[in-house]
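Enquirer: Next one to model:
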Amino acid sequence: MKKTFTYLIFCLLLFSCSELQDPYSLIFEDLKSQKGLTGKKAYLASPFTAAGDRVYLIGNQDGSFPDMGWHVEGEMGGIWMHPIKLMDGFSAQIQIGDQKSCLENAEAFMNYPFSNLIEYDLSTLGLKVERLHFVPDGKEGMVVLYRIKNVDKSEKSISFNWSAKVDLMPVWLGERSKMMDEEDQVNFDEMSQTLWAKDVGNDWYVSWKTDPKFQVSPVANSCEFESKGKGLASTFNTELNIPADGTIVFPVFISGSTNSQLQAFSTLAEIQENLAADWFSKKERYELIKSTAQIQVPDQELQEAFEWVKYNTDWLVRDVPEIGRGFGAGLQDYPWFFGVDSEYTIQGLLATGRKELVYSTIELIHNLSEKTNGNGRIIHEASTNGVVFNPGNINETPQWASTIWEVYRWTGDREFLEKYFPSVEKGLTWLLEENDSDGNLLADGYGMMEIHGLESEMIDVAAYSYKAFADAAQMAEILGKTALAESYQQTADALAEKINAEFWVPEFGSYADFIGTADEAIHLIDGAIIRADTLNKPWAVEELKATKSKLSTLTKDQKQGFVLYHNWVVNTPMEVGVADPEKAQIALKTGRKYTNPFGVFVTGIDRDESAELEEGSFSGSKVFSYTGAVMTLPTGVSAIGENNYGNPDQALDYLKRMTRSFGFALPGSIYEVSPDYGMFTQAWNLYSYAIPIVTQFFGIKPDAGNKVIHIRPQMPSDWEEAKIERVKVGENEITVTYEKKGKNLILEVNQSQKKWGLSIEIPESYQQVKVLGKEVSSDTQNGYRRVLMTGEKVRVEAF
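Expert: Numbers count the residues shown, from 1 in each chain. Okay, here's the model as predicted:
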């Protein structure tokens, strides 16, 4: 068996050669070197994940596996190997003499970057039990390790039962791809001591076994739990002897296959044989995730949240045969692929060095979009069986154009640009030719706000369309399509003018939710009044009734901008930088009203005066709904908008609000709806953290195509020292150190490619600038002195 160098060194330091054959104890020992986060007892009955790119497990922190989720009702937990589910979960029982105890109602949960540990108190039996989950990279299986400690002075003979709740079934929308769930059957292969199950109507398999040194035999089910579906439980038993003060580790290996029993058995053997090597390989990969774009800032909570949000994104990676490799939107109900979620998250992935995941996800979304639409329209949502549920909301297509541009800015990959620019051209043609019936450059249809009836000319669609055409103009110019570049830029300029003229509503100090007719607005107001009244928001009811009264004086077909919901998308003009500076400051100030301690309300009319006191659990609907929700994406968008218009302190305030949700329910993760509702981990959280921190606070603006990196820090006023290490731009890698003492500023940059240009940009308010490094040129632009330098290390001191 091949072992990584790290693994061998670790073994030599901690274990004798004979102990090298026990990888299970080695894993528990290595866990001591990792930083884990302890869960709150109040949230032990809430979910967690142990995740790999092929297989993941979802259960509750107390060790149970209740039915959870609504996409496939009650089935979104358990063990999944997309596009099928393997198990609803598992349970275990320990018996000493006549005393029996099911391993349930755990007393503690610890989350680690790529594993989890659950602790059970069995002191009545003289035992302490820990349950560890680990899913190796690239393997169709996982391992569960039980470490059983004898905590008193007597030797113990233990009867250990382990029960699997098999449930081989298809993913959401399986019926559309002819994946039909049938009954499951369980078998026992005595020679290999392996239990396995098959769906009788499909080549779907799951198998499980322990280490050969433990003899097992099937027995009657024990500690069984109720669950939905056509699955069934199966239990095996083994006898264990533990000396006084001794410890034994009992492993259970689980694997799946969508091809054959033989493949499932082969995976079991592979996971067992390579367990230690897989553990240290994954540990090394996670250390690379941590060290890439690693920050040191005065706010330690923010620093820790940023580190773990990078891990959270990795938990969502799905590698599905014949579909592709990409990341899902969130767990537990959105483990599949989304256009818009990818478009936001990819920007964060680029800033944190995940180029390979960016490329594979773009290829996956592009292929699904081409197969489904073929006209440049980007899909919204697709299950992991390749079935597209929604062919695309309007905003996703312009956001695709900007995503392609961002990838080029960070990588400088011209082949990539040439490959995907045709999809940008087709998409922008589709955007205006198929969705702009009145020819005013404002496409009609649903944007980010999927409120029934809210499908007129939406502000977010307009803002993202502006950015798409501006970005496409730059791409076209690079590819030598000068006439097309000029046309795109003209459209972007026209959209900028329309956004600042037609969407701006002075009496509200805000950009409009949408542009539509008075008749359309009155219809929507009636729904908004019902919503606000139901939520007991009298101020919103009063405001909406006043707006309705005013609308009654307008002709029914008169079009204008309306502020009805105060939806978060009114902040997108500031997010993309299209807002006039004066209007931006007014709109940003208005937007700050629609917050609570965790961030920005999705729909502003859901807020009232008590919002700033709402620091506890979110009281959401039993039927999943975003009504009343505060979410990380709107909060991140607001932070980005504040930074774009010179307000880093306010941007930091939004980041601090988001960070209050970090670890609130699941240690190491941030929920989709703050602080503890919806998806318990969410991909686009990376966008909401990485863009404000990496590209705005540290001011890293890549131009990899020209081998130049622009650096213009914009730090919060109370940050006197900050550092970011190993930011990847093309083949280059930079580290930026920022120090501010009184009126003095010191900025130091190290890069791996010494011939690249580093454009250091310092406010003109500094009277003197001292440059240490090879200066190529210097100029002044927009209130900044720009110094272009080369070399492995440059330093600028400003006074």
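Enquirer: Nearest to the spatial middle of this protein, which residue is it?
Expert: residue 683 (1.4 Å; CA atoms, centre = their mean).
Enquirer: Enumerate every residue touching the residue lying closest to that one once chain neighbours are set aside.
Expert: With CB to CB, 6 or more residues apart in numbering as the criterion, residue 683 has its nearest non-adjacent residue at 4.4 Å, and that residue is residue 345. Just so you know, the C-beta spots here come from the backbone N, C-alpha and C atoms, and that holds for glycine as well. For residue 345, the contacting residues are 313, 327, 683-684, 686-687, by CB atoms under 8 Å, 6 or more residues apart in numbering.
Enquirer: Can you tell me the SS state at residue 345?
Expert: Taking DSSP: H, G, I helix; E, B strand; the rest coil as the rule, one finds residue 345 in the helix state.
Enquirer: before we move on, what about residue 169?
Expert: Three-state assignment for residue 169 (three-state DSSP): strand.
Enquirer: ok, it to residue 23 distance?
Expert: Distance of residue 169 to residue 23, given as CB to CB, to the nearest Å: 32 Å.
Enquirer: do residue 340 as well
Expert: Using CB to CB, we find residue 340 at a distance of 42 Å from residue 23.
Enquirer: out of these two, which sits in the more crowded spot?
Expert: Applying other CB atoms under 10 Å to residue 340 and residue 23 shows that residue 23 carries more neighbours, namely 28 against 25.
Enquirer: wait, doesn't the more buried one sit right on residue 273?
Expert: No. Shown here, residue 23 and residue 273 do not form a contact pair, counting by CB atoms under 8 Å, at 9.5 Å.
Enquirer: Show me the domain layout of the protein.
Expert: Recorded structural domains for the chain (assignment: automatic domain parsing) are 35-286, 698-798.
Enquirer: end to end, how far does the first one reach?
Expert: In this case it means domain 35-286. This stretch, domain 35-286, spans 12 Å end to end (CA to CA, to the nearest Å).
Enquirer: Give me the below-cutoff pLDDT ranges for the stretch 251-400 of the chain.
Expert: The stretch 251-400 of the chain contains no residues with pLDDT under 70.
Enquirer: OK, contacts around residue 779?
Expert: Neighbour list for residue 779: 785-786 [criterion: CB under 8 Å, 6+ apart].
Enquirer: Now do the same for it: helix, strand or coil?
Expert: Under three-state DSSP, residue 779 comes out as strand.
Enquirer: I'd like the distance between it and residue 746.
Expert: The gap separating residue 779 from residue 746 is 22 Å, by CB to CB.
Enquirer: same check, this time on residue 402
Expert: From residue 402 over to residue 746 (counting by CB to CB), the distance is 34 Å.
Enquirer: ditto for residue 77
Expert: 51 Å.
Enquirer: Between the two, which is the more surrounded one?
Expert: When residue 77 and residue 746 are compared for neighbours, residue 77 comes out ahead with 25 against 16, by other CB under 10 Å.
Enquirer: ok, the more buried one touching residue 71?
Expert: No. In terms of CB under 8 Å, residue 77 does not count as a neighbour of residue 71; the distance is 11.6 Å.
Enquirer: any residues in contact with both of those two?
Expert: The contact lists of residue 77 and residue 71 share no entry, where a contact means CB under 8 Å, 6+ apart.
Enquirer: Now residue 651: phi and psi?
Expert: As for residue 651, its main-chain torsions (degrees, to the nearest 10) stand at phi -60, psi -40.
Enquirer: I figured it was touching residue 636, is that so?
Expert: No. With contact defined as CB under 8 Å, residue 651 does not count as touching residue 636 (9.6 Å).
Enquirer: Overlap of the contact sets of the two?
Expert: Residues touching both residue 651 and residue 636 (CB under 8 Å, 6+ apart): residue 692.
Enquirer: Strands of the stretch 101-250 of the chain, start to end?
Expert: With DSSP state E, counting those that start in this stretch, the ranges of strands along the stretch 101-250 of the chain come out as 108-111, 115-122, 127-134, 141-150, 156-170, 184-189, 194-199, 205-209, 217-219, 232-242, 247-257.
Enquirer: what's the closest of these to residue 301?
Expert: Among these, the nearest to residue 301 by CB to CB is strand 108-111 (16.4 Å).
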